[in-house]
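> predicted model and sequence follow; I will ask about them next.
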Amino acid sequence: MDNSASSRIWWFRILFFILAMAVIFFRLLPLETLPKTWAGPDILCALIFAWSLRRPQAVPSILIAIIVLSEDMLLQREPGLQAALIVIAAAWLKLSRSYTPDMSALREWMSATIAIVVIMLSTRFILIVFFVPLPSLSLHLSQMIMTILVYPIVALLTHFVIGLRYVGPNDTDYAQSRGRS
Amino acid sequence: MAQHRGKQEDYVTPIRRLITAVVVLILFAIFIVWRIDSPRVERFRSHVIDQYVPSFAWAMAPVTGAINLVRDFQSYTALYEQNQELRRELQQMKSWREAALQLEQENARLLDLNNLRLDPKFTHISGIVMADSGSPFRQSVLLNIGKQDGIQDGWAAMDGLGLVGRISGVGTRSSRVILLTDPYSQIPAIIQPSGQRVFVVGDNTAAPPIDFIENPDLVRAGDRVVTSGEGGILPAGLVIGQLAMDPNGRLRVRLSADYERLEFLRVLRDYGTVQISDPGELVIPQDLIIEAPDATPKPDGDSNG
């Protein structure tokens, strides 16, 4: 039992890594070379938050850091900044989930929203402090709103397609998800 | 049983938090290093991209092709109107073609009279667009040609119609083209026929605005904008686009290059561009630095002795 549960966590981790790489791959495809007036959602961010709230064991901080840092590198962003903020936000989400094990869907969405908004604000703040040119506010805002809106869809998809649901106190892997790594 | 697990949690959780803290610190350190020594980290970045993105090219090309196919299929619904429009455009084009042919003949005659030879350094290398920047905040594309094809930083990339951008970041098998629409792109240009020197400054819109114009009264919408070649940044005389005025009265450039679909780009060989290898050279060019009197002793003798 113990062995199979921990190997399942490893499968989830590998699956998450593959999913994240697929998201980055599709963003890199040269489909739209004309600048847009609004930005699409940051699906990877929503995916990370959904998994940290639903199966924290499957997304350890190191994995998140590796994925987002490589995304930073590939997408010409300031390397490390977005990665650091997302790791902090994901850690906060995991912590808040461990205090309220039976979180309602609305509450889950609220926590993710807070995390997304705080990330956007602190990105702009840090860029100002370090004298880095800011991305345009309308683009940044539209990306934030789209990410918030896409979160429930990502959460539902991971719920139904991958079967990543809440691990409640009555479930068999509950102890697994809380206790061991 | 539950208590037993609770005890286990007590020593696992602090370790996990410690790891998270260390990871966050490392990431912030990377950001600060990038801020201090940007050229080196950017070189590392182009190396990373060079390692990974070309190895996915086998998957990228077919997927892009398939998605474009589906999109084209959707646009078949508007086929009739498109056809009509194309016919009208073709009519206009025919008259222009006639004019162009006559001009070409005249030009050839004049060149022959002057015994003029075109600059041989403007040969080009064509590359395929592999990937774009992936981020809505940056506008760039990745080409499948790099150092092994002789590409250098600062060269101009064109499509058949006009300037698209300039090379910034070269790997062995790939190179990045910063498009004119990128917020970091600033290209010195000249407006013809008035000869006003301006900068075409990208701002993440399809038509980049122009800046530092001396006398806006001398120019009007429809004037041609070409590169001026100032500061050795790009070769002079490459077509950028036409001047246009947006509803707010700001002058913008309607780009000649077809940004809708960048598939192939040609990169002009130009060995006269300025190489930037140090952040200091951005501020003071190398040939302007006056050598200080040599006060430092040579380290060679010390290391041998």
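Structure's in. What do you need?

> got the residue ranges for the helices in chain A?
Here chain A has its helices, by DSSP state H, at A:2-28, A:43-54, A:61-74, A:81-99, A:105-129, A:137-160, A:174-179.

> how about the helices in the stretch 151-300 of chain B?
B:279-283, B:299-304 (DSSP state H, counting those that start in this stretch).

> count of neighbours near A:Trp51?
Residues lying near A:Trp51 (other Cβ atoms under 10 Å in any protein chain shown) number 29. All C-beta atoms are positioned from the backbone trio N, CA, C, and that covers glycine.

> gap between it and chain B?
15 Å (Cβ to the nearest Cβ, to the nearest Å).

> thinking again about what came up before, mean pLDDT for the helices of the stretch 151-300 of chain B: which is lowest?
Here the lowest mean pLDDT among the helices of the stretch 151-300 of chain B goes to helix B:299-304, at a mean of 43.

> returning to that earlier point: out of the helices of chain A, deepest packed?
Per-stretch averages of neighbours, counted by mean count of other Cβ atoms under 10 Å in any protein chain shown, single out helix A:43-54 among those, with a mean of 25.

> now it: average pLDDT?
Mean pLDDT, helix A:43-54: 92.

> try stretch B:145-153
The average pLDDT within stretch B:145-153 is 90.

> before we move on, what about stretch B:195-215?
The average of the pLDDT scores along stretch B:195-215 is 90.

> can you confirm whether it lies near chain A?
Yes. Shown here: stretch B:195-215 in contact with chain A (Cβ under 8 Å from any Cβ of the partner chain) through B:203-206.

> buried subset of the residues you listed, written for ChimeraX?
Per 16 or more other Cβ atoms under 10 Å in any protein chain shown, the buried members of the residues of stretch B:195-215 next to chain A correspond to this ChimeraX selection:
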select /B:203,204,205
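
> wait, B:Ala244 sits on B:Val253?
Yes. Applying Cβ atoms under 8 Å as the test, B:Ala244 and B:Val253 come out as touching, 7.2 Å apart.

> list residues touching both of the two?
Here B:Ala244 and B:Val253 have B:Ala207 as joint contacts, going by Cβ atoms under 8 Å, 6 or more residues apart in numbering or on different chains.

> these two: who's more crowded?
In terms of neighbours (other Cβ under 10 Å), B:Val253 is the more surrounded of B:Ala244 and B:Val253; the figures are 25 against 15.

> wait, doesn't the more buried one sit right on B:Val198?
No. Counting by Cβ under 8 Å, B:Val253 stays clear of B:Val198, with 9.2 Å between them.

> what is in contact with the two at once?
B:189, B:210, B:225.

> return the residues of the stretch 201-305 of chain B in contact with chain A.
Counting by Cβ under 8 Å from any Cβ, the stretch 201-305 of chain B comes close to chain A at B:203-206, B:259-262.

> any weak-confidence spans in chain A?
A:1-3, A:164-181 (pLDDT under 70).

> residue nearest the middle of it, spatially speaking?
A:Ile48 (2.0 Å; Cα atoms, centre = their mean).

> distance from stretch B:189-196 to the middle of the chain?
Centroid displacement of stretch B:189-196 relative to its chain, using Cα atoms, centre = their mean, to the nearest Å, is 22 Å.

> how about stretch B:154-173, which residues are buried there?
Buried, per 16+ other Cβ under 10 Å, within stretch B:154-173: B:154-159, B:162-171, B:173.

> and the two most separated of the residues of stretch B:195-215 next to chain A?
B:Asp203 and B:Ala206 (10.2 Å; Cβ to Cβ).

> between the two, what contacts are shared?
Here B:Asp203 and B:Ala206 have B:Thr181 as joint contacts, going by Cβ under 8 Å, 6+ apart.

> B:Asp258 touches B:Leu161, doesn't it?
Yes. Counting by Cβ under 8 Å, B:Asp258 touches B:Leu161, with 6.1 Å between them.

> buried stuff in stretch B:57-65?
Within stretch B:57-65, judged by 16+ other Cβ under 10 Å, the buried ones are B:57, B:60-61, B:64.

> quick check, B:Ala131 in contact with B:Leu142.
Yes. Applying Cβ under 8 Å, one finds B:Ala131 in contact with B:Leu142, separated by 4.3 Å.

> top of the shared contacts of B:Val253 and B:Val198 by number of neighbours, please.
B:Val225 (30 neighbours).

> and that residue, how close does it get to B:Pro183?
19 Å (Cβ to Cβ, to the nearest Å).

> need the contact list for B:Asn204.
Contact analysis of B:Asn204 by Cβ under 8 Å, 6+ apart lists A:35, A:136, A:139, B:136-137, B:139, B:181-183.

> distance between stretch B:90-97 and the chain's centre?
For stretch B:90-97, the distance to the chain centre is 32 Å (Cα atoms, centre = their mean).

> now it - C-alpha only, PDB.
In PDB, the C-alpha atoms belonging to stretch B:90-97 read as follows (Å, rounded to 0.1, in the frame of the first residue of the first chain):
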ATOM      1  CA  LEU B  90      -4.800  42.400 -59.100                       C
ATOM      2  CA  GLN B  91      -6.200  45.000 -61.500                       C
ATOM      3  CA  GLN B  92      -4.300  47.700 -59.600                       C
ATOM      4  CA  MET B  93      -1.200  45.500 -59.400                       C
ATOM      5  CA  LYS B  94      -1.100  45.100 -63.200                       C
ATOM      6  CA  SER B  95      -0.800  48.800 -63.700                       C
ATOM      7  CA  TRP B  96       1.900  49.000 -61.000                       C
ATOM      8  CA  ARG B  97       3.700  46.100 -62.600                       C
END
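
> quick one: mean pLDDT over that stretch.
Per-region confidence: stretch B:90-97 scores 88 on mean pLDDT.

> which of the residues in that stretch are buried?
So stretch B:90-97, judged by 16+ other Cβ under 10 Å, has zero buried residues.

> B:Pro193: how many residues sit nearby?
Counted with other Cβ under 10 Å, B:Pro193 comes out at 9.

> from chain A, how far off is it?
Counting by Cβ to the nearest Cβ, the separation of B:Pro193 from chain A is 29 Å.
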